[in-house]
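Enquirer: Dropping a prediction and its sequence here:
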Amino acid sequence: MEAIKTVALNTTNIQSNIRLFLDKKGLNSDQTRRAYERDIEEFFIFSKNKAVSGLLESDVSFSPQDVDKYLVHLSEKGTASSTINRKVVSVRSLMRYLDRLDGYDINLSAFDTGSVKGAQNSYGVLTYEETEMMASRVLSHRNGQMKAALIRLAVVTSFRLDSLLRLTKTDFMNQRGVWTVTTVGKGGERDTKAIRDELYEEIRMIMMFKEDDEPIFKLSPGTALNMVKGLSEEMGVPKERNITFHSLKKAGVTEVWVQTGYDAMKTKKQGAHKNFSTTERYIENNEDFSQSQSLLIGKEIDLSMLDGLSKDELLEFINGMNRSVKMQIKNEIKKKGMA
């Protein structure tokens with residue numbers, strides 16, 4: 001009788017061990033689990049050009065230089081110090097967990113980075129006009145129509161990049177004659193935004209031949225980030241402004257802030273923020289100090305140069321001003337019941 005052969009289970013399967021680590025992190029909070037999962041996925045995509053689902057046991061071997069390259073990458077991308085250090089903690093925790101198991105060659109000292117200093121300033125703010133210029137310029141690039149639609153949708157919805165890249169046909173609905181798009185954003189919260197018909201038509205042209213469950217925007221996160229960086233350089237935007245893809249979201253939030261006459265609740269809702277203190281970080285860098293009220297103290301405003309202008313000349317002058325000033329004029333007219 002032939003002896004029965006036994007096959008040992010692969011107890012060092014990297015995917016299952018990472019999944020077990022994440023499940024353990026999720027015992028107290030599903031939100032914590034998702035945060036660790038995002039940080040770990042991002043680290044392996046950068047360092048090994050692999051998603052967690054494609055890792056081998058040998059892919060967890062890192063030198064101090066490997067980790068330092070990742071830290072430099074995060075800093076150059078404009079990531080805040082607190083976020084960099086959180087990401088390092090996530091990856092370090094995983095490595096310590098795997099080091100307790102058999103079958104892994106891990107150099108834990110490579111992850112002893114200490115506190116890391118990241119970007120001094122948060123992501124910069126783009127004006128609405130600048131985002132439209134980006135959308136126009138990118139049309140001449142490869143997949144220009146798709147990229148232009150992505151830029152415009154990012155501004156109008158203020159969705160995060162990862163949410164935008166997950167959108168499918170089924171996320172768009174016509175509700176009582178208005179097109180809406182819904183995503184599940186940070187913290188697992190559903191976020192629905194209305195979009196204009198012309199923007200939906202622009203997106204519809206891209207997703208016309210897509211399957212219902214297929215992502216509309218066939219772009220990697222890296223491509224999207226590099227797109228905004230490249231367009232900023234083309235437009236001559238100073239590097240000190242620290243413009244990234246996240247600046248498109250800030251542009252949308254800031255535009256709502258101005259359009260609504262500085263309505264805190266509506267602006268907070270646009271950014272899908274739980275607290276207005278978070279929203280304030282999006283709009284504070286866009287404050288126009290040249291219009292500060294303190295500059296008007298004791299100063300007489302001379303508007304005599306407007307006396308000789310015709311109505312058409314005055315309207316042409318107002319239309320040539322920036323959006324913030326035009327919205328301020330509009331809101332003042334409404335307040336005084338003149339409209």
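Expert: On my side now, so go ahead. Numbering: from 1, shown residues only.

Enquirer: Now D68. Nearest residue, chain neighbours left out?
Expert: Nearest residue to D68, sequence neighbours excluded (Cβ to Cβ, 6 or more residues apart in numbering): T113, at 7.7 Å. Quick note: C-beta positions are derived from backbone N, CA and C, even for glycine.

Enquirer: what's the answer for R38, then?
Expert: The shortest distance from R38 to any non-neighbouring residue, by Cβ to Cβ, 6+ apart, is to D162 (7.7 Å).

Enquirer: And the helix or strand containing the one you found, what's buried?
Expert: Assigned by DSSP states H and E, D162 falls within helix 161-164. Using 16 or more other Cβ atoms under 10 Å as the burial criterion, the residues of helix 161-164 that qualify are L161, S163, L164.

Enquirer: Distance-wise, check the residue nearest to D68 relative to T83.
Expert: Computed with Cβ to Cβ, to the nearest Å, the distance linking T113 and T83 is 14 Å.

Enquirer: And Y123, by the same measure?
Expert: For Y123, the distance to T83 - Cβ to Cβ - is 11 Å.

Enquirer: Tell me where the stretch 51-200 of the chain has strands.
Expert: Using DSSP state E, counting those that start in this stretch, the strands found in the stretch 51-200 of the chain span residues 172-175, 178-184, 190-195.

Enquirer: neighbouring contacts of the last one?
Expert: Contacts of strand 190-195 from elsewhere in the structure, counted by Cβ atoms under 8 Å, 6 or more residues apart in numbering, are 153, 156-159, 163, 178-185, 270, 272.

Enquirer: Just name the lowest-scoring one in those, pLDDT-wise.
Expert: Minimum pLDDT for the contacts of strand 190-195 is recorded at G185 (73).

Enquirer: Quick check: that one touching G271?
Expert: No. With contacts counted by Cβ atoms under 8 Å, G185 stays clear of G271, the gap being 10.2 Å.

Enquirer: more crowded one of those two?
Expert: G271 (22 against 16; other Cβ atoms under 10 Å).

Enquirer: pretty sure the more buried one contacts V253?
Expert: Yes. At 4.5 Å, G271 counts as touching V253 under the criterion of Cβ under 8 Å.

Enquirer: quick one: common contacting residues for the two?
Expert: Residues touching both G271 and V253 by Cβ under 8 Å, 6+ apart: S158, T279, Y282.

Enquirer: Neighbours of the last one, how many?
Expert: Using other Cβ under 10 Å, Y282 has 26 other residues around it.

Enquirer: Buried residues, the lowest-mean-pLDDT helix or strand in the chain. List them.
Expert: Every helix and strand in the chain was compared by mean pLDDT, DSSP states H and E; the lowest is helix 276-283, with a mean of 73. Residues T279, Y282, I283 are the ones in helix 276-283 that count as buried (16+ other Cβ under 10 Å).

Enquirer: Please name every helix or strand in contact with the helix or strand just after that helix.
Expert: Elements were assigned by DSSP H and E; along the chain past helix 276-283, the next helix or strand is helix 311-319. Applying 3 or more Cβ pairs under 8 Å, 6 or more residues apart in numbering; DSSP states H and E, we find helix 311-319 packed against helix 323-335.

Enquirer: and the helix it packs on with helix 311-319, angle?
Expert: Per axes from the mean of the first three to the mean of the last three Cα atoms, to 10 degrees, the angle that helix 323-335 makes with helix 311-319 is 120 degrees.

Enquirer: Just the local confidence number for L295, please.
Expert: With respect to pLDDT, L295 has a value of 52.

Enquirer: Fine by me, we can end here.
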